[in-house]
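The following block contains a protein sequence and its predicted model.
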Amino acid sequence: MNNSQKIFAERKRSAIIIMAAGGVIVIIGLLLQFTAIALPFRPQLVGGLGFFIFGWGLAGWIQARAYLSDPKAGQRAINEEKDERNLYIRAKAAEQAYWIMVALALLLLFWLSFSSIGLPQPSDDMLWYVLAGIVVLPFVVFIYKYVNGLK
Amino acid sequence: MENNLEAMRDRDGLTQQDLADRVGVSRQTIISLERGRYNPSILLAFKLSRVFSTTIEKIFIYQEGIEDHE
């Protein structure tokens, strides 16, 4: 068993654990849905989360199984993951996304600080959207820069 | 940075994928290296020099004053 096969064998084991955890959460979700009353949240959310985790594990399991049966493709996949150029592009994209997040957070901080002396006070809804933007925009920048860098 | 990677690869009858597999990087990295769009780490440069049984200086040509891409 070469190095990449060891890695995928380990990933296959992890995927089985993730699938099992997802299955348990789905069962808990179903039990809550049919037995619990007056929950402060929708029990379907628990089931949904369980299905998501199960699907995540299943995808990992299928991938690991495929690469275990084709060691050459497995080794290339590992090379691709550890490729120094890919890591460099990812780090560069993450750095740019980080500075955009810092700049947006700083702007929000200034806005909130100066809202007491003239700037309009943001409503709760507005604040939510701005905070969501601070999370989403850097992510979009990261994806764009990463995909662009790979070209 | 200019390099003789493509010529050396052709001389040894290696495809870009063969070379990538031998040094443990993606084929895209070999393409970027050959086009001079990416400068390798010292580790990758050493691995390439081992594959072609030569020195790093014979593969990569460093000229002072020329700005590097990355």
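Perfect, thanks for sending it.

which ones are touching A:Ala64?
Contact criterion C-beta atoms under 8 Å, 6 or more residues apart in numbering or on different chains gives A:Phe8, A:Ala9, A:Arg11, A:Lys12, A:Ala15 as the residues in contact with A:Ala64. All C-beta atoms are positioned from the backbone trio N, CA, C, and that covers glycine.

Let me know how buried A:Ser123 is, in neighbour terms.
9 (other C-beta atoms under 10 Å in any protein chain shown).

Regarding chain A, what is its longest helix?
When every helix of chain A is counted residue by residue (DSSP state H), the longest turns out to be helix A:3-35.

Which other helices and strands does it contact?
The elements that helix A:3-35 packs onto, with contact taken as 3 or more C-beta pairs under 8 Å, 6 or more residues apart in numbering or on different chains; DSSP states H and E, are helix A:43-69, helix A:71-82.

angle of it against helix A:71-82?
Relative orientation of helix A:3-35 with respect to helix A:71-82: 80 degrees, computed using axes from the mean of the first three to the mean of the last three C-alpha atoms, to 10 degrees.

for helix A:3-35, which positions count as buried?
Residues A:4-5, A:7-8, A:11-12, A:15, A:18-19, A:22, A:25-26, A:29, A:32 are the ones in helix A:3-35 that count as buried (16 or more other C-beta atoms under 10 Å in any protein chain shown).

same question, stretch A:105-120
By neighbour count, with 16+ other C-beta under 10 Å as the criterion, the buried positions of stretch A:105-120 are A:Leu108, A:Trp111.

Go ahead and measure how far it is from the middle of the chain.
31 Å (C-alpha atoms, centre = their mean, to the nearest Å).

contact partners of that stretch?
The contact list for stretch A:105-120, computed with C-beta under 8 Å, 6+ apart, reads A:Gln121, A:Pro122, A:Val130, A:Leu131, A:Ile134.

May I have that stretch as PDB, with CA atoms only?
Output of stretch A:105-120 as PDB, limited to C-alpha atoms (Å, rounded to 0.1, in the frame of the first residue of the first chain):
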ATOM      1  CA  ALA A 105     -15.400  45.400   9.300                       C
ATOM      2  CA  LEU A 106     -13.500  48.600   9.900                       C
ATOM      3  CA  LEU A 107     -16.000  50.600   7.800                       C
ATOM      4  CA  LEU A 108     -18.900  49.100   9.800                       C
ATOM      5  CA  LEU A 109     -17.100  50.000  13.000                       C
ATOM      6  CA  PHE A 110     -16.600  53.600  11.900                       C
ATOM      7  CA  TRP A 111     -20.300  53.700  10.800                       C
ATOM      8  CA  LEU A 112     -21.500  52.500  14.200                       C
ATOM      9  CA  SER A 113     -19.100  54.700  16.100                       C
ATOM     10  CA  PHE A 114     -20.100  57.800  14.200                       C
ATOM     11  CA  SER A 115     -23.800  57.100  14.100                       C
ATOM     12  CA  SER A 116     -24.200  58.800  17.400                       C
ATOM     13  CA  ILE A 117     -22.800  62.100  16.000                       C
ATOM     14  CA  GLY A 118     -24.700  62.400  12.700                       C
ATOM     15  CA  LEU A 119     -24.500  59.300  10.600                       C
ATOM     16  CA  PRO A 120     -27.800  57.500  10.300                       C
END
